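Visitor: Fold the stuff below for me.
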Amino acid sequence: MQQPVIEEGAAYEPSVRSYDDLFPALPESSIPKQSNNSLGQWSSINNKMRVGSSIITQVFRVPFEERKQEASQKFGEGESNHICGTIMRETGAHIEISHAKDQSLTFLVTGKQNEVLEARRKILTHFQTQASKQISIPKEHHRWILGKKGERLRELEKTTATKIVVPPMNDNSDIITVHGTKEGIEKAEHEIRVTSDQQSKKASERINIPKHFHPFIVGPYNKNLKLLIDETGAKINVPPPSVMKDEIFIAGDKEGVMAAKAKIEEIYKKMEKRSTTVSVEVPKAQHKYVIGPKGQIITEILETTGVSVEMPQSDSPKDTITLRGPTEKLGTALSVVWEKANSVRSSDVDAPVWIHKYIIGRKGASIKEITQNLPKVHVEFTDKEDKIKIEGPPEEVEKAQEQIEAMARDLVSRMTFIEMQVDPKLFKHIIGKSGANINKLKEEFNVVINIDESGLVRIEGNKQDVASTQAELEQRIFKLENEKEKDVIIEQRHYRNIIGTKGENIKEVRDKFNQVQIYFPGPGDRNDIVKVRGPKEDVDKCARYLEKLVKELNESSYQIEVPIYKQFHKFIIGKGGANIRKIREETNTKIDLPAEGDKNDVITITGKRDNVEEAREKIRKIQDELENIVSEEITIPPKFYNSLIGAKGKLIHSIMEDCGGVAIKFPSADSKSDKVTIRGPKDDVDRAKQQLLDLANERQLASFTAEVRAKAQHHKFLIGKNGTNIKKIRDSTGARIVFPSNTDEDREIITIIGRKDAVEEAKAALEATIKDIDNIIESEMQVEPRHHKHFVARRGEVLHKIADECGGVMISFPRSGSDSDRVVLKGSKECIEAAKARIQEIIADLESMITIECIIPQKHHRTVMGAKGHKVQTITSDFDVNIKFPDRDNQDEYLNHGQVNGDVDSEPVRQCDVIRITGKESNCQKAKQALLDLVPITISVDVPFDLHRSIIGQRGRDVKDLMDRFDVHIVLSPPDIKENIIKITGTATNVERAKEALLDRVKELEADRKDRELRSFVLHVEVNPDYHPKIIGKRGAVITKIRKDHDVQINFPKKGEAEEHIISITGYEENTYRAKEDIMKIVNELNELVRKEISIDSSVHSRLIGSRGRNIRKIMEDFNVDIKFPRSDDPDPNLVVVSGQEENVIEAVDHLLNLEEEYLQDVEEQQTREKQHTLNIHFETSTQSTQSRTRDLQNNGFVVQGGPWEQRAPNTASVTEFPSFGRNTEEPQASPIGGAWGARR
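Guide: This is a model prediction of the structure:
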């Protein structure tokens, strides 16, 4: 540090600095806010438009002024094409979009009719400004607007491309809301009003007036039509211009309708006489200028001249505009039309398609510079033509054309593009991860690169930059084409070892082969293929290196398990692990022993095969030296191995455990050995050997086989339905019977396996059955086809039943759809005859069957059928009938009915209400009654509204339980109505049971309410607030006991309240008075106590109280009194109150005063010591300061003041520095010091 310069002869003054200045406190640290940066991903999207089949084509236009604002502000066609592509995928229609000069959109939609209508609706929703209109239609007409299942409404929405909202049945509103475009709303409103007027009970008329006279009837801005409606009071519906209908519909009062009709006809006849027509050819593209925004110009011409301008439909190829009106006005109207048609000029600029985007600029910046001063000019770019179209006023079009042509010439002169064909397989390497490689090229050379899925790479930019980019890409492609990719098979278990901790091992491999890329499968990919890519030579070397590494890992991962008796594990480990460590080091293996509490005695050894074998021998040698371990081999045929081992080795493990944990090893399957090795202590080995041989002998005896021959076609008769016949033989004999499979050469041999006696018994039974089967014959009978369905229905349930009853006879009916009546039966003669008789009996029953009708309103059918039809299935099986429910879509009226069952109303019976029951007459009637019993009824039960919440229960649990228990539906009154009624819907029986349960619940709730009223009795008791703590007791023990004893609630007031002396007791009246008695007993006892106030110096209060009140609590227990010290805000800080029995209080007061005197003497002594200590520090500090200043003058340094080392250590004995808590203590006065250790006591 540089020292300041001191003038010669000047006195040195040390540099004095403050400690706080030299060592300032650190500022508070703030936690930095973390920002989440989302990485963008490079992606390319190629929308493929699907072309539907050409059935119909519709063309419609969206004017600029009706385009949606957010859609019209997006420059270019990309967004529009994207939306159209989405609509094409959703609807299947094909859409072509065209941007006109005036920024209007024209759509050509091709496809099936329903696809085109749906696509049109979606297009208008996205591109055209949506409006909404509310139409008041009488509620009773709504169903006619909806149509059957809402089909008419859906069809109307499709044809008008609108969304129509009809209020639900339970809503009394008659307002129908229509959302859509202006044209669509007009069409929809017209159709809705026509439908409503048709259903109106008022008079209605339809007049056919030629479409071209409608404008004169409606008038400009609908003035004539409004005047007609006001004068006649009739509703007049004139089709809008977009609807090509001549019919005008009038509805309302009869007089008004007739008056309106007369006036309309009068206008028509008048105009028919006066008007003439003139036609003018105007190019189709100019028509929109004649029409004007929302048809305003046509309306203005009609208003000013009285001439109607008739435009061809938008999808019509005609260019002819017809003017109709008075002869003297036609000239004026024609001049206006011609002027408007030629008010806009159109021009084209030649410019290649690929430079259009550069003329447009980023986010349309370049083209905006041109058009911002020419607001009426519209510039249109297309991807199909090398032209740019400009429309607008002639002067502005000329200026825009000059600027765009100059820009196009400049771009063509200095920019170019090239296209390269590249193998698509190389794309991912050219593009790079998240587009890193391709983005780097774009930024480096300032070019645009587009990659197509077909393999075409297009580069656009300045000529020199394009050439440089092409050279760089070609170099990369050449390098990639000469690269090689190889797959190396590596088991996933080795990945961790190859990659290493934090990728250290694989980093070494990559550094060694730095031209090679190594790709491991992802964590969730169950794949063992590791891909290596790079130059051919390096890839081969890297692959060989990895294969060698895997080979070493495979060799070093050989693993065997060695069973060693648990008691020998400690000797194998050795003292301090010496033995096991030595074996590991000598054999270079990994040895794992089971945990101390684990019952498993297997030691696992892992490493190279030779090393593992060596380690196993060393471990076994230790065991053999400790115990007499022997190894024996016994011969057992391999075919019994599986049965001896048992499922999951359970049997062999049980033998090993029973025999002292011996090790039993079976030879491997490919060794073809029949020697089983047993290893362990000699006695245990002998026991295990005997058990294994006994089990092998049992298996030998149970493996006796015999063969029986039977024709393959008879096997199914031997097996029986679901194997019942063969199962009987197996169960009775215990033998196993194996039938040949389809792949066996000899398919007649049946093999029987088991004990000799069981096999012989089963063989005899089979041979007897085969003999009977050989007598099987085939017979036929005729059954009319109309009865076939009954036999084969429900998977042939009836046929299976007949077969079971008649000895397993086989019955074959003709295939479904065949007219044959031939039924084939196979089986023994007696069984066939019995089956024929049973079939004839069933046919007789079928012919005696009748079909009756049960009329139940269709709305109840689902309830009658039950969940998954279980209710109707029960009726079908109980009464042996067939029940057929009608098609619910069949709404035609049913005329052949006598009465309506179920709900009785004035509605006609429909076909969908008729249920048909087929069966015997008596059964049909019973089934019909059973169905009628299932028809739900609704009853009302009177229940006070204030009980509804209790009936519902928590989260509706109670009412849901009622509904589930009785299979009914319960509806309670809405909160805003507050009706005293609960409605129950269900079958008559269930409703009655639910009603009884509900009324029982009401009784319980009313009884509970009365009980609550009785429990709500409140009794007030006046008690001195000073006694409240005693009544509450320690931790509320006293008051809790009173509450429990008398089942009451006792509330104490807060301190400071107006009625702080009132205690409230709530409960049954009798119980509250008993609780009051207990409280008053405590109060009376407290009234007998003596209360004495004494003055004790507050400075000794803390010592009297002690740590956590330990001292004062002991005093109160010793003298059986209560002592209260003053609070910090009390006026007298020395006042202490002692209460209790008089004698005890006197003794406690004497004891407290004695303690006060003793403690005050200690305080005085302490103050004296403090004063002496302060004087000593003062003299020592003065001496040290003088010496320090002298030393500082000699040493050329600087002084720091206010450091921690200058601070005096706090005096723990000082009451000032360590005041007592919660007390106002006065600072003690200093007293003379009597010596180093204070005054002698």
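Visitor: now V1090: how far from V738?
Guide: Distance of V1090 to V738, given as Cβ to Cβ, to the nearest Å: 107 Å. All C-beta atoms are positioned from the backbone trio N, CA, C, and that covers glycine.
Visitor: On the C-terminal side of whichever helix or strand T86 is part of, identify the next helix or strand.
Guide: Take DSSP states H and E as the rule and T86 turns out to sit in helix 78-91. If you walk from helix 78-91 toward the C-terminus, the next helix or strand you reach (DSSP H and E) is strand 94-99.
Visitor: Pull the residues that contact the following helix or strand past that following strand.
Guide: Later in the chain than strand 94-99, the nearest helix or strand by DSSP H and E is strand 105-111. Outside strand 105-111, the residues that touch it by Cβ atoms under 8 Å, 6 or more residues apart in numbering are 51-62, 67, 80, 91-100, 116, 119-120, 123, 127.
Visitor: please redo it, this time with the cut-off set to 6 Å
Guide: Under the contact criterion Cβ atoms under 6 Å, 6 or more residues apart in numbering, strand 105-111 has outside partners 52, 54, 57-62, 93-98, 116, 119-120, 123, 127.
Visitor: If you tally nearby residues, what's the number for the nearest residue to H356 once chain neighbours are set aside?
Guide: Once flanking residues are discounted, H356 sits nearest to F381: 4.7 Å by Cβ to Cβ, 6 or more residues apart in numbering. Neighbourhood size, F381 [other Cβ atoms under 10 Å]: 19.
Visitor: Please report how far F381 lies from E79.
Guide: F381 is 14 Å from E79, by Cβ to Cβ.
Visitor: list the residues that contact both of the two?
Guide: Counting by Cβ under 6 Å, 6+ apart, nothing touches both F381 and E79.
Visitor: Tell me how many other residues crowd I583.
Guide: When neighbours are counted by other Cβ under 10 Å, I583 comes out with 20.
Visitor: going forward, begin numbering at 37 instead of 1
Guide: Noted, 37 is the first residue going forward, which turns the last one into I619.
Visitor: separation between the closest residue to it other than its chain neighbours and T642?
Guide: Once flanking residues are discounted, I619 sits nearest to K654: 5.1 Å by Cβ to Cβ, 6+ apart. Counting by Cβ to Cβ, the gap from K654 to T642 is 15 Å.
Visitor: now swap in E734 and tell me
Guide: 39 Å.
Visitor: what does A742 give?
Guide: A742 sits at a distance of 51 Å from T642 (criterion: Cβ to Cβ).
Visitor: Quick check: phi and psi at the residue nearest the centre of the chain.
Guide: Closest residue to the average C-alpha location of the chain: G560 at 22.4 Å, with Cα atoms, centre = their mean. Dihedral pair for G560: phi -90, psi 0, per degrees, to the nearest 10.
Visitor: Could you measure from it over to R532?
Guide: The gap separating G560 from R532 is 16 Å, by Cβ to Cβ.
Visitor: Likewise for K324?
Guide: Applying Cβ to Cβ, the value for K324 to R532 is 72 Å.
Visitor: Over to N1060?
Guide: As for N1060, its distance to R532 is 80 Å (criterion: Cβ to Cβ).
Visitor: now swap in D997 and tell me
Guide: From D997 across to R532, the span is 57 Å (Cβ to Cβ).
Visitor: do A239 as well
Guide: Per Cβ to Cβ, A239 is found 92 Å from R532.
Visitor: Check I988 too.
Guide: Note on I988: its distance to R532, by Cβ to Cβ, is 60 Å.
Visitor: Test my guess that R381 contacts V433.
Guide: Yes. Using Cβ atoms under 6 Å, R381 makes contact with V433 at a distance of 4.9 Å.
Visitor: what about those two, which has more around it?
Guide: Comparing R381 with V433 by other Cβ under 10 Å, the one with more neighbours is V433, at 22 against 17.
Visitor: In contact with that one, which residues?
Guide: So V433 contacts 381, 383, 426 (Cβ under 6 Å, 6+ apart).
Visitor: again, but for R874
Guide: I838.
Visitor: mind redoing it with 7 Å?
Guide: 838, 841-842 (Cβ atoms under 7 Å, 6 or more residues apart in numbering).
Visitor: again with I300
Guide: I300 sits in contact with 243, 245, 253, 284, where contact means Cβ under 7 Å, 6+ apart.
Visitor: phi, psi of the first one?
Guide: For I243, the backbone dihedrals are phi -120, psi 130 (criterion: degrees, to the nearest 10).
Visitor: Report pLDDT for it.
Guide: Looking at I243, its pLDDT stands at 89.
Visitor: got it, and the last one?
Guide: What the model reports for I284 is a pLDDT of 89.
Visitor: Near it, how many other residues are there?
Guide: Neighbour tally, I284, other Cβ under 10 Å: 23.
Visitor: Name the nearest residue to it, sequence neighbours excluded.
Guide: Closest residue to I284 apart from its sequence neighbours, by Cβ to Cβ, 6+ apart: I243 at 4.8 Å.
Visitor: Distance check, the one you found against T741.
Guide: 101 Å.
Visitor: which of those two has more neighbours?
Guide: Taking other Cβ under 10 Å, I243 and T741 do not tie; I243 has more neighbours (17 against 13).
Visitor: Which residues are in contact with the closest residue to Q1085 other than its chain neighbours?
Guide: Spatial nearest neighbour of Q1085, excluding adjacent residues (Cβ to Cβ, 6+ apart): T1102 at 4.4 Å. By Cβ under 7 Å, 6+ apart, the contact set of T1102 is 1052, 1054, 1084-1085.
Visitor: from those, which is closest to Y257?
Guide: Distance to Y257, by Cβ to Cβ, is smallest for S1052 among the contacts of T1102, at 74.1 Å.
Visitor: Strands of the stretch 687-836 of the chain, residue ranges please.
Guide: Assigned by DSSP state E, counting those that start in this stretch, the stretch 687-836 of the chain shows strands spanning 699-701, 711-717, 740-745, 772-774, 785-790, 813-818.
Visitor: Show me where the stretch 937-1086 of the chain has its helices.
Guide: 957-969, 984-988, 993-1002, 1024-1051, 1064-1068, 1073-1082 (DSSP state H, counting those that start in this stretch).
Visitor: Of those helices, which is nearest G1145?
Guide: Between G1145 and the helices of the stretch 937-1086 of the chain, the tightest spacing by Cβ to Cβ is seen for helix 1064-1068, at 14.7 Å.
Visitor: which of A239 and R532 has more neighbours?
Guide: More crowded of A239 and R532, by other Cβ under 10 Å: A239, with 16 against 10.
Visitor: In this structure the more buried one contacts E291, no?
Guide: No. Look at A239 against E291 with Cβ atoms under 7 Å: they stay out of range, at 8.6 Å.
Visitor: picking that back up, looking at the helices of the stretch 937-1086 of the chain, which is closest to M451?
Guide: helix 993-1002 (75.0 Å).
Visitor: I'd like to check the angle between the closest one and helix 1024-1051, please.
Guide: Angle of helix 993-1002 versus helix 1024-1051, following axes from the mean of the first three to the mean of the last three Cα atoms, to 10 degrees, is 150 degrees.
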